[in-house]
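J.: Curious how this folds, go ahead:
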Amino acid sequence: MHTADIYDITIVGGGPAGMYAAFYSGMRAMRTKLIDAKQELGGFMRTYPEKLVWDVGGVDPIRCEHLIDALERQAKTFDPTIVLGQEIAHMEQGEDKVFVLISKTGERHYTRTILLCAGRGMTQVQKLDIEGANRYEVTNLHYTVTDLSRFNNKRVLISGGGDSAVDWANEIVGRAKEVIVVHRRDQFTAHELPVAEMKASAEVMTPYYISRLYGAGDRLESVELAHSETGLIQRIEVDEVIVSHGFDRDFGGLVNWQLDREDYGVSVDPRMRTSMPGIFGAGDFITYGSKVRLIAGAFNDAVLAVNSAKLYLEPAASDMAGVSSHNARFFDKNKAILQG
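T.: Numbers count the residues shown, from 1 in each chain. The predicted structure follows:
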């Protein structure tokens, strides 16, 4: 191993926390590598590219795919090394305290600190466990939405009670002829305001679940709904069906690192430090008392984690990077923009 192969910080995961961490670690003049198991950055945001994101500070409502593009450009500001298509399977630490991250395909990555931004891991959509459901996936049974226009003037049924189901209902209701939302429980787990908007504009059927599908060939034509408590059956005609039942999460080898965990993620302290010195966390992968599960919260996690990593390497360093308006790292970049 050559000293030049050792990075100051290696970020595992390329979602919003990981991308912002790559940018901010550049502000701190850290030699940075970002590794993602997929072939593109964006993380879980790639599952809803057409959704509008409203809750990023100072940013007008923006399609998620455009926000990903902006975050990726920002992440590359200080030219970090970006490695795609490598899932980290193992971690080792030598007597010199240098960590070695080993991918499933055998590549070895050397780093002085690790920032885990694995988000929801390698997600796998939870599909309908109903006989024959797969035959309709090529036509009008959807597990994600990439083109809103296909729902124009259609009768759309959405199954699910979380944020994605509710958000899709609110996005589609102005386009579709009719939007029907079914959920097996009376209470929705989505945020209160979107739920209120959905109930005011869409037909909501609770507690119901999809119990059977009817179609001709590969096209779904109607859906049987069963009442979760009484067993009452209703059958309704549909043009399009969206199933949003969440995702199974798979963190691969990361779960074997013996880091302290809680029900929803790896435990960190208020400075984003895990139970193992030199390893930090940010974003949906972690949990702590005041955790905010918003993209904006992931940015703040990333800042705190990178600052802690910097201080781990250099205890005499400043607690945080200088703000961009007075940070020397931006002088030449600002000049180029102003003169351009």
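
J.: Which secondary structure state is assigned to the residue nearest the centre of the chain?
T.: Note on the chain: the residue nearest the mean C-alpha position is residue 44, at 3.0 Å, using C-alpha atoms, centre = their mean. Counting by DSSP: H, G, I helix; E, B strand; the rest coil, the backbone at residue 44 sits in helix.

J.: Now do it against residue 18, distance only.
T.: 11 Å (C-beta to C-beta, to the nearest Å). For the C-beta atoms, the positions are set from N, CA and C on the backbone; glycine is no exception.

J.: got the domain boundaries for this structure?
T.: Domains of the chain are assigned by automatic domain parsing as 3-123+249-339, 125-246.

J.: Present the ones you listed as a markdown table; the columns should include mean pLDDT.
T.: Shown next, in a markdown table, are these (pLDDT from 0 to 100):
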| stretch | mean pLDDT |
| --- | --- |
| domain 3-123+249-339 | 91 |
| domain 125-246 | 93 |
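
J.: Okay, helices next: where are they in the protein?
T.: Assigned by DSSP state H, the helices in the chain fall at 16-27, 64-75, 163-172, 192-201, 295-313, 331-339.

J.: Select, out of those helices, the one closest to residue 110.
T.: Comparison of the helices of the chain against residue 110 by C-beta to C-beta identifies helix 295-313 as nearest, at 14.1 Å.

J.: what residues does that closest one touch?
T.: 8-9, 15-18, 20-21, 24-25, 28, 30, 45, 53, 55-57, 67, 112-113, 115, 117, 270-273, 277-278, 280-284, 286, 291-292, 317, 319-321 (C-beta atoms under 8 Å, 6 or more residues apart in numbering).

J.: Show the buried residues in those.
T.: Buried members of these, counted by 16 or more other C-beta atoms under 10 Å: 8-9, 15-18, 20-21, 24-25, 28, 30, 45, 53, 56, 67, 112-113, 115, 117, 272-273, 278, 280-284, 286, 321.

J.: picking that back up, what's the overlap in contacts for residue 44 and residue 18?
T.: residue 119.
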